[in-house]
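[1] Take this sequence and fold it.
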Amino acid sequence: MGRSARRAYDLQDIEIVPSRRTRTSQEVSTAWQLDAYRFEIPLVTHPTDAIVSPASAIRIGQLGGLGVLNAEGLWGRHADPESALAQLVDAVAKEDVPGAVRLLQRLHTAPIRDDLLAEALRPVREAGVTVAARVSPQRARELTPALLAAGVEILFVQGTIISAEHVSASEREPLNLKQFINDLDVPVVAGGVGDYRTAMHLMRTGAAGVLVGYGQSLATTTDAVLGIGVPMATAIVDAAAARRDYLDETGGRYVHVIADGGITCSGDIAKAIACGADAVMLGEQLADADDAPASGLYWTPAAAHPSLPRSELIGLEPAGHNLDTVLFGPADWPDGSVNLFGALRRAMAKTGYSDLKEFQRVGLTIRR
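    Sure, this is the predicted structure:
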């Protein structure tokens with residue numbers, strides 16, 4: 001009594017409705033464009049050291065996606081990050097998850113060095129793929145100059161929950177996201193958000209894209225630790241509604257919506273796009289590839305929080321596939337874990353849509 005709550009839905013609660021036509025999957029385009037940068041598949045990687053190294057960022061870029069390096073992770077703190085990753089893999093292999101979390105926290109006490117960030121990003125830039133990096137709102141002003149000097153072309157300002165207005169009575173002035181974005185010459189993607197109002201506020205800061213969600217996966221514990229979360233289908237639809245209204249408000253400025261979390265299989269990628277996402281941010285789906293940096297281990301950046309980690313370090317079963325196969329097949333198991341974007345292309349073809357923007361108009365039903 002006296003309170004009300006919305007009914008909200010996860011991606012697993014909805015299904016896509018076929019239309020009156022179908023088309024050949026070879027004639028379907030999965031390309032999208034963020035500012036001046038075109039990508040052949042709507043893939044952005046979750047910025048965790050578990051799946052993004054300089055080498056994997058290059059390969060993802062060559063395959064048509066966008067690899068986002070965590071500027072506050074191991075590659076900017078340690079001269080030998082591979083050794084640090086091996087220690088983490090060994091700790092999890094011994095089933096010492098609390099020890100692995102403590103080790104990750106300890107590894108993140110090392111200072112971030114501009115020279116190590118530059119060295120990590122240099123091969124990505126030289127490979128000719130789009131260079132992207134993630135910073136937290138707390139360290140955005142501090143790290144961005146070094147990242148821009150190292151050649152970052154798209155900057156992600158990402159936290160578990162982010163807003164356009166952070167209120168603080170401390171001596172440290174909080175980040176003014178609108179001013180910060182306006183002072184930069186590169187596009188900024190900001191998030192995560194879970195509701196219409198916050199998405200609209202972030203769009204009004206000048207962000208080129210908004211992240212919806214906080215990377216919900218088998219590893220994340222944000223809902224258990226903080227009690228915060230919005231089912232992804234509802235969160236994406238709300239952010240897409242904010243994008244539509246902001247487009248009208250500005251007379252044509254389009255802000256991209258990127259879904260981060262709640263995706264367990266290729267069908268969920270299609271559903272996220274159908275709900276209004278322009279792209280998806282994937283993490284654990286790429287972690288069990290044979291060429292993933294952490295050898296099947298997965299966590300999110302929130303695992304390294306010094307006092308309140310909100311992600312476990314989990315070990316995934318090796319799938320026997322490289323990154324190319326995970327993204328484009330051929331699949332040898334019918335569970336939607338392999339050939340992720342081949343499946344998206346086929347879903348679009350089976351419902352008669354030729355590109356991602358058209359596919360955002362597909363019909364949806366609710367299971368319950």
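
[2] Wait, G213 touches G262, no?
    Yes. Contact criterion CB atoms under 8 Å: G213 and G262 qualify, at 6.2 Å. Backbone N, C-alpha and C define where each C-beta goes, glycine included.

[3] between those two, who's got more neighbours?
    G213 (30 against 25; other CB atoms under 10 Å).

[4] What score does the more buried one have for pLDDT?
    Per-residue confidence (pLDDT) for G213: 93.

[5] Which secondary structure state is assigned to it?
    Three-state assignment for G213 (DSSP: H, G, I helix; E, B strand; the rest coil): strand.

[6] beta partners for the residue lying closest to it once chain neighbours are set aside?
    In this structure, G213 finds its nearest non-sequential neighbour in G261, 3.7 Å apart by CB to CB, 6 or more residues apart in numbering. Judged by DSSP bridges, the bridge partners of G261 are Q216.

[7] Ok, Q158 next?
    The partner residues for Q158, given DSSP bridges, come to G191.

[8] quick one: pLDDT of it?
    Reading off the model, Q158 has pLDDT 93.

[9] which residues touch it?
    By CB atoms under 8 Å, 6 or more residues apart in numbering, the contact list for Q158 reads 47, 134-136, 189-192, 211, 301.

[10] And it, how far from V210?
    11 Å (CB to CB, to the nearest Å).

[11] So L143 sits against I112, correct?
    Yes. Judged on CB under 8 Å, L143 makes contact with I112 at a distance of 6.7 Å.

[12] okay, and the common contacts of the two?
    With CB under 8 Å, 6+ apart as the test, L143 and I112 both reach 71-72.

[13] hmm, back to that, now the contacts of Q158 in a markdown table, with neighbour count and distance to E27?
    Shown next, in a markdown table, are the contacts of Q158 (neighbours: other CB atoms under 10 Å; distance: CB to CB, whole Å):
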| residue | neighbour count | distance to E27 |
| --- | --- | --- |
| P47 | 26 | 33 |
| R134 | 28 | 35 |
| V135 | 24 | 40 |
| S136 | 19 | 42 |
| V189 | 27 | 30 |
| A190 | 29 | 35 |
| G191 | 28 | 33 |
| G192 | 28 | 34 |
| L211 | 30 | 31 |
| P301 | 25 | 39 |
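
[14] With respect to per-residue confidence, which of these is lowest?
    Out of these, that is G192, at 87.

[15] Would you mind measuring from that residue to H321?
    Taken as CB to CB, the span from G192 to H321 is 28 Å.

[16] L344 and G267 touch, don't they?
    No. Counting by CB under 8 Å, L344 sits too far from G267 to count as a contact (9.1 Å).

[17] Of the two, which one has the most company?
    L344 (25 against 18).

[18] The more buried one: what secondary structure?
    What three-state DSSP gives for L344 is helix.

[19] Where does pLDDT dip in the chain?
    Scanning the chain with the threshold set as pLDDT under 70 gives 161, 163-172.

[20] Strands of that one, residue ranges please.
    14-17, 32-34, 37-39, 43-45, 68-70, 132-135, 154-158, 188-193, 209-216, 256-261, 279-282, 297-298, 314-315, 363-366 (DSSP state E).

[21] Which elements pack onto the last one?
    When contacts are defined as 3 or more CB pairs under 8 Å, 6 or more residues apart in numbering; DSSP states H and E, strand 363-366 packs onto strand 14-17, helix 266-275.

[22] Please apply the same query to the fifth one.
    Helices and strands touching strand 68-70, by 3+ CB pairs under 8 Å, 6+ apart, are helix 54-62, helix 114-126, strand 132-135.

[23] again, 6 Å this time
    Packing partners of strand 68-70 (3 or more CB pairs under 6 Å, 6 or more residues apart in numbering; DSSP states H and E): strand 132-135.

[24] so what secondary structure elements neighbour the strand it packs on?
    Right, strand 132-135 is packed against strand 68-70, strand 154-158 by 3+ CB pairs under 6 Å, 6+ apart.

[25] Return the most buried member of those.
    strand 68-70 (a mean of 27; mean count of other CB atoms under 10 Å).

[26] Can you list the strands that that strand pairs with?
    Sheet pairing of strand 68-70 (DSSP bridges) gives strand 132-135 (parallel).

[27] Please compute how far the strand it pairs with lies from its chain's middle.
    Centroid separation for strand 132-135 versus its chain: 11 Å, with CA atoms, centre = their mean, to the nearest Å.

[28] got it, and stretch 261-272?
    Taking CA atoms, centre = their mean, one finds the center of stretch 261-272 at 13 Å from the center of the full chain.

[29] just stretch 315-322 next, same as before
    Taking CA atoms, centre = their mean, one finds the center of stretch 315-322 at 20 Å from the center of the full chain.

[30] The most centrally placed residue in the chain and E27, how far apart?
    In the chain, the centroid-proximal residue (CA atoms, centre = their mean) is M281; its distance is 3.0 Å. To E27, M281 is 27 Å away according to CB to CB.

[31] now swap in A274 and tell me
    19 Å.

[32] Compare these two (neighbour count), which wins?
    Neighbour count, other CB under 10 Å: between A274 and E27, A274 has more, with 27 against 10.

[33] show me what contacts that one?
    16, 362 (CB atoms under 6 Å, 6 or more residues apart in numbering).

[34] which one is W75 nearest to, not counting chain neighbours?
    Using CB to CB, 6+ apart, the nearest residue to W75 is A120, at 4.1 Å.

[35] surely that neighbour meets S56?
    No. Counting by CB atoms under 6 Å, A120 does not reach S56; the two are 11.7 Å apart.
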